[in-house]
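**Student:** here is a sequence with its predicted model. Questions after.
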Amino acid sequence: MIAVQVNLVAQLSSQQLIKTRSRYFLAVVALSVLAHGIVLGLPWPEPEIRPAPPAPPEPEATATMDVAILPSDTLRPPTERPVETSGSEPQDLSRPVVERSPVPPPSPTNAPPPPIDTPPPTSPEPRTEPRAPGPDPVGELPPEPGSPGLTTPPPPPTLQERLQDPGEYQYDGTQHFDLEENPVQALSIYDAWTVPGQTVPSLADPLQLPYELGAACLDAPPLRGTLMVVVDEVGNFRRLPEVVSSTGYAILDEQAEDWVRTGQYRLPNDNEAKAYAVNVEVVYPRRCL
């Protein structure tokens, strides 16, 4: 009986202990919920919104960077040395001072590499303007002489016009030879003009030239010249007329050759090949002598 009572008391005690623990647990849970509610009810600081940093600029496609290659002795580690301070400032020995070695100037061997050559910009091709329709220049005919659009140089003066120009009369006596007073020189000239069967050229009638300057007188009167010519049996020229001893004026020598060549002076007709010597005389006014 006593044992049964003891068991009952023990059971009652254990049940009382369980109830007490349950109450303590519920009280702890209620306090925890209350504390969370108080914490959640407190005001929270608003978060600070920072703007996003700007994006870095894109590198240009044509940008180049010069790189200088320095000698190896310039990349030495910094050396520490104490900083000398004046008596008024305390010296901080806990912080070393870094001494930087001076960078030497770049030598020709360490000069920076030249920039990369870029091709020069190509100039745009010239634009050709459309050509107005018109006649084909290949098929065009040259303008006729005397047309308004054609300018022709004036023709050179004729011999007759030159004979009337005092500026054409320039005296030069170096090509005049007096063949009568110098027979040796005359024979050397005749020997170059004779044809087979002749010893000396045949002497023709003198050629008298008119004086074309009118009343104007020359600085020196014209001299008597000599002209040589060779013809065949029918009178055709085998050698054209040529003055071998000048009159002193080239324009008068040219006139004498033109007179014989154009037939204004007629040679003898001997029906055989001959060389002729023709004396040239200018009809010079007596008042100018």
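**Tutor:** Nice, I can see it. Values in this document were obtained by computation on a predicted structure and should not be read as measured data.
**Student:** tell me which element residue 38 falls in.
**Tutor:** helix 2-41 (DSSP states H and E).
**Student:** can you give me the mean pLDDT across that helix?
**Tutor:** Helix 2-41 shows a mean pLDDT of 74 in the predicted model.
**Student:** helix/strand/coil for residue 160?
**Tutor:** Using DSSP: H, G, I helix; E, B strand; the rest coil, the structure places residue 160 in helix.
**Student:** how many residues are close by it?
**Tutor:** Neighbours of residue 160 under the rule other Cβ atoms under 10 Å: 10. For the C-beta atoms, the positions are set from N, CA and C on the backbone; glycine is no exception.
**Student:** contact partners for it?
**Tutor:** residue 212 (Cβ atoms under 8 Å, 6 or more residues apart in numbering).
**Student:** which residues in this structure form strands?
**Tutor:** Counting by DSSP state E, the chain has strands at residues 79-81, 97-99, 202-203, 207-209, 225-231, 237-245, 274-282.
**Student:** packing partners of the shortest one?
**Tutor:** This means strand 202-203. If you count contacts as 3 or more Cβ pairs under 8 Å, 6 or more residues apart in numbering; DSSP states H and E, strand 202-203 packs onto strand 274-282.
**Student:** same for the strand it packs on, what does it pack against?
**Tutor:** Using 3+ Cβ pairs under 8 Å, 6+ apart: strand 274-282 touches strand 202-203, strand 207-209, strand 225-231, strand 237-245, helix 250-261.
**Student:** please identify the deepest-packed of those.
**Tutor:** Burial of the helices and strands packed on strand 274-282 is given as mean neighbour count (mean count of other Cβ atoms under 10 Å); strand 225-231 ranks first at a mean of 22.
**Student:** what's the angle from that strand to strand 237-245?
**Tutor:** Here the directions of strand 225-231 and strand 237-245 differ by 170 degrees (axes from the mean of the first three to the mean of the last three Cα atoms, to 10 degrees).
**Student:** helices and strands of this structure: which one has the lowest mean pLDDT?
**Tutor:** strand 97-99 (a mean of 52; mean pLDDT, DSSP states H and E).
**Student:** what sits closest to residue 216 if chain neighbours are left out?
**Tutor:** Excluding its sequence neighbours, the residue lying closest to residue 216 (Cβ to Cβ, 6 or more residues apart in numbering) is residue 166, at 5.9 Å.
**Student:** oh, I was asking about residue 177
**Tutor:** For residue 177, the spatially nearest residue (Cβ to Cβ, 6+ apart) is residue 245, at 4.4 Å.
**Student:** contacting residues for the one you found?
**Tutor:** 175, 176, 177, 178, 179, 189, 225, 226.
**Student:** just the buried ones from the residues you listed, in ChimeraX syntax?
**Tutor:** Selection of buried members from these for ChimeraX, criterion 16 or more other Cβ atoms under 10 Å:
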select :176,177,179,189,225,226
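**Student:** so how far is residue 228 from the residue lying closest to residue 254 once chain neighbours are set aside?
**Tutor:** Once flanking residues are discounted, residue 254 sits nearest to residue 159: 6.7 Å by Cβ to Cβ, 6+ apart. Separation of residue 159 from residue 228 (Cβ to Cβ, to the nearest Å): 20 Å.
**Student:** for residue 156, see how far away the residue nearest to residue 265 when sequence neighbours are not counted is.
**Tutor:** Once flanking residues are discounted, residue 265 sits nearest to residue 259: 4.5 Å by Cβ to Cβ, 6+ apart. Computed as Cβ to Cβ, the residue 259 to residue 156 distance reads 20 Å.
**Student:** ok, residue 20 next?
**Tutor:** Separation of residue 20 from residue 156 (Cβ to Cβ) stands at 155 Å.
**Student:** who's more crowded, these two?
**Tutor:** residue 20 (10 against 7).
**Student:** gap between that one and residue 27?
**Tutor:** Residue 20 is 11 Å from residue 27, where distance means Cβ to Cβ.
**Student:** can you check residue 222 too?
**Tutor:** Counting by Cβ to Cβ, the gap from residue 222 to residue 27 is 166 Å.
**Student:** so for residue 53, what's the pLDDT?
**Tutor:** 68.
**Student:** which parts of the stretch 101-250 of the chain are helices?
**Tutor:** Along the stretch 101-250 of the chain, counting by DSSP state H, counting those that start in this stretch, helices occupy 159-163, 183-191, 250-261.
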